[in-house]
Structure formats: structure tokens, C-alpha cells
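Peer 1: Any chance you could fold what I've pasted below:
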Amino acid sequence: MAHLIDDPILTVEHLNMRFGGLLAVDDLSFSAGRRDITALIGPNGAGKTTVFNCITGFYKPTEGRITAHHEGGEKYLLERMDDFKIPKVAKVARTFQNIRLFGGMTVLENLMVGQHNTLMIASNFTFGGIFGLSGYKRAEKEALELAEYWMEQTGLTYRADDAASDLPYGEQRKLEIARAMCTKPKLLCLDEPAAGLNPRESEELNKLLLFIRKERDTGILLIEHDMNVVMGISDHIIVLDYGKKIADGTPEEIRNDPSVIAAYLGVADEEVEEVEHEIEEGASS
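Peer 2: Just a heads-up that it's a prediction; the model follows:
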């Protein structure tokens, strides 16, 4: 049963993604709430990153509709948009499993690059910057203020002039999220943001994501294997297995769903009832 969303920022309808004879995503439908943290989870190979790649324009789905809903009624059909227009126009930003920072640039420079589109428009595509037009100067000042704001929120102000490649792994993760937030997204898509983090860093990540949801009015869609992160901060969880949705609900509903437990344990379909029976027995004892 689908989790009901009153005010979605994203709807995915009957999404299919086929690679030759492989159906990587199979008739997937779900919604993500405008101010919710929505987690997309499942065993390795379940199709989670493929779904992200379809949402953010890296893949064009074989079938299906992906709609970003902005306040005021504006809708953007993401499957029809070029990938570079999705962050710029539809305001959907993402991070990756493997960190993709500009290692030779400083922390501050990485955050300014995240605002490249805004600065290019303000400069009339270079000429305004060359001649120091007032509109460009104002945009540059605002971009710098936004970069400083996200350095403060992520605790990276003291590393502003350090090369991104010199940062510890956990701080690189935070910098990548900060750079995505500098695009002022309506929806932030995070692909395994807690991967490689220690428990303290995972706790800091949780606090950062809760801050983004509450203070920046941004919906978050994340893929994550760290169940402490998923269960600790998610409002809504979708579970995939072999490209199909097998569960959709609140953390409490997902935690006790026998199909989810069976998928993670590698239990065959005919054994799901046995798992369900064991859960019921445990609850009554």
C-alpha cells in the first residue's frame, strides 16, 4: 500500500528502466513529500541508484512519468528535460555515491562553482563580469554570502581556503551536500551520504539533514544503507528489491514489514509467511 502524500515535491509514476534484457526498475510508483525526508532503501542491486539517475536526468527512463511539483502549481516533467536543466529549472540537486568535488579547488571555490548558473546569467555570460556591471557585483556578493552561510552550517568555515582534496572524508561529504544546497534546490537527492562515515559523523549528518528540511524548506530523497540514519530521520521509506517496490510506509511500518525483512535476509518468497509468523509470535510474547 502506498504512503499517502498530501503535498508532494516529487511523483514517480509507473517507472520502468530497461538495459537490454535487464529490467532494472519495474513499474515503480511513489511520492516524496515537499518537506519530508524520504528514504529509498533495499539490498544491493535493487535499482536504487538507477531510480536516482532517472530522476536527475542521467538516464532517460524506458517508460513512466517523473514530475517535480513547485509551489504555485508549476510542474516539471523530468523525464522530458535535459539533465543540465533539471537542477537549474526544476531545482532538483544531487550528490553521488563517489564524491565528486573539485579536489584542486578550495572549499569556498567549490561552493562558488555550485552557483555557476546564477553567476553566468548575472554576468550576461561573461561580459558583465569583465566590465564589473552592478548586477554582476550584486550577484557575486550574494553568492559569496550563501557560500559562507553553508560553510558555517557544515562547520567548514575554518577550512575555507583549504583544497577540497585535503579535507577528511567526512568533511568532503558535508562539502558536497553544501555545494548542492548552494543551487537552492527544492528537492535534494543524496546517494548514500553516510557511506564511509563513523558513528559521530553519521550523527552530524543526521543533524544537518534535519536542519535542511526544517530551516531551508527543502525536501530530501536519499538512498542509504545505514539504518541508523534511515530510521533516525526519515518520514517516509520506500523499499525496492530487484527493481520492484515491496514496501512503502513510515519507519515503524517498514521496520516490521515481513517482505522487507525477508528481502534483507535473502529469504525466498515462499518463506515470507514464516518470517511474518515469527514477527507476530515475537510481538505477542
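Peer 1: For Thr218, list the residues it contacts.
Peer 2: 35, 181, 185-188, 212 (Cβ atoms under 8 Å, 6 or more residues apart in numbering). No exception for glycine: its C-beta is placed from N, CA and C like everyone else's.
Peer 1: So which residues of the chain form helices?
Peer 2: Along the chain, counting by DSSP state H, helices occupy 48-55, 85-88, 107-113, 116-122, 127-131, 134-153, 169-181, 199-215, 227-233, 251-255, 258-265, 272-284.
Peer 1: what's the span of stretch 92-108, first residue to last?
Peer 2: With Cα to Cα, to the nearest Å as the measure, the first residue of stretch 92-108 is 22 Å from its last.
Peer 1: now it: mean pLDDT?
Peer 2: Stretch 92-108 shows an average pLDDT of 90 in the prediction.
Peer 1: in this protein, which ranges drop under the pLDDT threshold?
Peer 2: Along the chain, segments meeting pLDDT under 70 span 1-4, 116-136, 265-285.
Peer 1: Let me see the domain layout of it.
Peer 2: 1-91+185-251, 103-183 (automatic domain parsing).
Peer 1: Could you export these as a markdown table, including distance to Asp257?
Peer 2: Shown next, in a markdown table, are the domains of the chain (distance: least, Cβ to Cβ, whole Å):
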| stretch | distance to Asp257 |
| --- | --- |
| domain 1-91+185-251 | 5 |
| domain 103-183 | 29 |
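Peer 1: quick one, which of those is nearest to Pro258?
Peer 2: Closest to Pro258 of the domains of the chain is domain 1-91+185-251 (Cβ to Cβ; 9.4 Å).
Peer 1: what's the spacing between that closest one and its chain's center?
Peer 2: On the basis of Cα atoms, centre = their mean, to the nearest Å, domain 1-91+185-251 sits 6 Å off its chain's mean C-alpha point.
Peer 1: ok, now stretch 174-182?
Peer 2: Here stretch 174-182 shows a centroid-to-chain-centroid distance of 11 Å under the convention Cα atoms, centre = their mean.
Peer 1: Could I get the contacting residues of the residue positioned nearest the centre of the chain?
Peer 2: Residue closest to the average C-alpha location in the chain (Cα atoms, centre = their mean): Cys189, at 1.5 Å. Applying Cβ under 8 Å, 6+ apart to Cys189 gives the contacts 52, 55-56, 92-95, 220-222.
Peer 1: now do 7 Å
Peer 2: Cys189 sits next to 52, 55-56, 92-94, 221 when contact means Cβ atoms under 7 Å, 6 or more residues apart in numbering.
Peer 1: Make TSV out of those residues and add distance to Asn206 and neighbour count.
Peer 2: Listed next are the contacts of Cys189 as TSV, based on distance: Cβ to Cβ, whole Å; neighbours: other Cβ atoms under 10 Å:
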residue	distance to Asn206	neighbour count
Phe52	20	22
Ile55	23	26
Thr56	23	22
Val92	22	28
Ala93	19	24
Arg94	19	23
Leu221	16	27
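Peer 1: List just the nearest of the residues you listed to Leu144.
Peer 2: Looking across these and measuring by Cβ to Cβ, the closest to Leu144 is Ala93, at 19.4 Å.
Peer 1: Okay, Glu79 and Ile55: tell me how far apart.
Peer 2: To Ile55, Glu79 is 9 Å away according to Cβ to Cβ, to the nearest Å.
Peer 1: same question, Ile254
Peer 2: Going from Ile254 to Ile55 by Cβ to Cβ gives 21 Å.
Peer 1: sorry, back to before: can you tell me which of the contacts of Cys189 end up in strands?
Peer 2: 92-94, 221 (DSSP state E).
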